[in-house]
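Chemist: got a predicted model here, sequence first, then my questions.
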Amino acid sequence: MTGYPIKTYRYLRMAMVAMIVLLGAAVVIEWSKTDPHCLQTSISAYYYTPVRAIFVGALITIGVCMVVLKGNTETEDILLNVAGILAPGVALVPTPGQGHCHSVPVVLGDAAANVSNNMLALFVVGVPCLLLTAVFIVRDRIRDPDGWTPLYLLGLGVAVLIFGGGLAWFVVDRSGFIGHAHYAAAIVMFACIVVVVLANAEQLRRKRGVPRSRANRYSVIAVAMVVVPLLMYVWKKLFGWDHAVLGIEAALIVLFAAFWISQTAELWNEGLRQELPRSQATPSPL
């Protein structure tokens, strides 16, 4: 990958990092205007503060970037697509808990009406996008049968399942969707991201030209993504912690940013990773 394609690839990757920093900056600025001990119980709860515009805009932008960017493997690409599809849902369906730490009162209007309008718009745009994707898959199958893989159909099937399931939930049980879709989308989105990091740990182990002695940084990040939230959850259960969700979300976002920056630096000049066959790869550190 050279020239303008690699530049576009870099810009999309850097845009995601910028959106994460933008969201963090907005939360910190809002926090600075309240009591130092006053924090919302989750990052999602900052939807009910002046951070709302940045929260929604950053998540939608990150979601679009994850869908647009090509993963190193078809599996990674599918996982990024699922996470990208779910990110707007996390943004547009607010968490039910509004929290109590606001620098100023925020007028929300009818939250249910906002969700109904905005999610319906998302579904209206999403359906033709999926249909267009199906057309591209069929076209590629006809033009390049040797380069075509059944994983293309799997990726489309997973996207249709996620999108169709959300649409059916939205139509059949609107109140349940408004009350629980945020958490469902956020959990699956973060799970996909953790699996992507794990996959990259394996991919780096098989990458051409990587010294055998080099530490696998993606393995470290992947382990931290599992261990740190687990420790925070155990701490909450043992000692009580009102901000456990905030801590878990913040830790996962920071670790994801570390992963994305690291992967961007690794693939700065090549775009997509070139791997060795499994038989020639170094032993997995995990």
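Modeler: Everything's here; your move.
Chemist: who's in contact with the most centrally placed residue in the chain?
Modeler: What sits nearest the mean C-alpha location of the chain, by C-alpha atoms, centre = their mean, is A83, with 4.5 Å. By C-beta atoms under 8 Å, 6 or more residues apart in numbering, the contact set of A83 is 63, 66, 188-189, 192-193, 196. In this view, the C-beta of every residue, glycine as well, is placed from N, C-alpha and C.
Chemist: where do the strands sit along the stretch 51-200 of the chain?
Modeler: Assigned by DSSP state E, counting those that start in this stretch, the strands in the stretch 51-200 of the chain number zero.
Chemist: picking that back up, report pLDDT for the residue nearest to the centre of the chain.
Modeler: pLDDT, A83: 94.
Chemist: spatially nearest residue to it (excluding sequence neighbours)?
Modeler: Using C-beta to C-beta, 6 or more residues apart in numbering and skipping the chain neighbours, the partner closest in space to A83 is C192 (4.2 Å).
Chemist: distance of the residue nearest to Y48 when sequence neighbours are not counted from A184?
Modeler: Spatial nearest neighbour of Y48, excluding adjacent residues (C-beta to C-beta, 6+ apart): Q98 at 4.4 Å. To A184, Q98 is 19 Å away according to C-beta to C-beta, to the nearest Å.
Chemist: the residue nearest to Y48: neighbour count?
Modeler: Around Q98 there are 17 other residues, counting by other C-beta atoms under 10 Å.
Chemist: and if you look at L267?
Modeler: 17.
Chemist: who does whichever strand or helix holds L204 touch, helix- and strand-wise?
Modeler: Assigned by DSSP states H and E, L204 belongs to helix 174-205. If you count contacts as 3 or more C-beta pairs under 8 Å, 6 or more residues apart in numbering; DSSP states H and E, helix 174-205 packs onto helix 74-92, helix 111-143, helix 151-172, helix 217-239, helix 244-266.
Chemist: which of the residues in the second one are buried?
Modeler: Neighbour-count burial for helix 111-143, counted by 16 or more other C-beta atoms under 10 Å, picks out 115, 118-119, 122, 126, 133.
Chemist: do the same with the third one
Modeler: By neighbour count on 16+ other C-beta under 10 Å, the buried set for helix 151-172 is 152, 155-156, 159-160, 162-163, 166-167, 170.
Chemist: hmm, G155 is touching N81, no?
Modeler: Yes: the criterion here is C-beta atoms under 8 Å, and G155 meets it with N81 at 6.3 Å.
Chemist: quick one: pLDDT of A265?
Modeler: 90.
Chemist: and the gap between it and V226?
Modeler: 23 Å.
Chemist: tell me how many other residues crowd V106.
Modeler: V106 sits with 13 neighbouring residues when counted by other C-beta under 10 Å.
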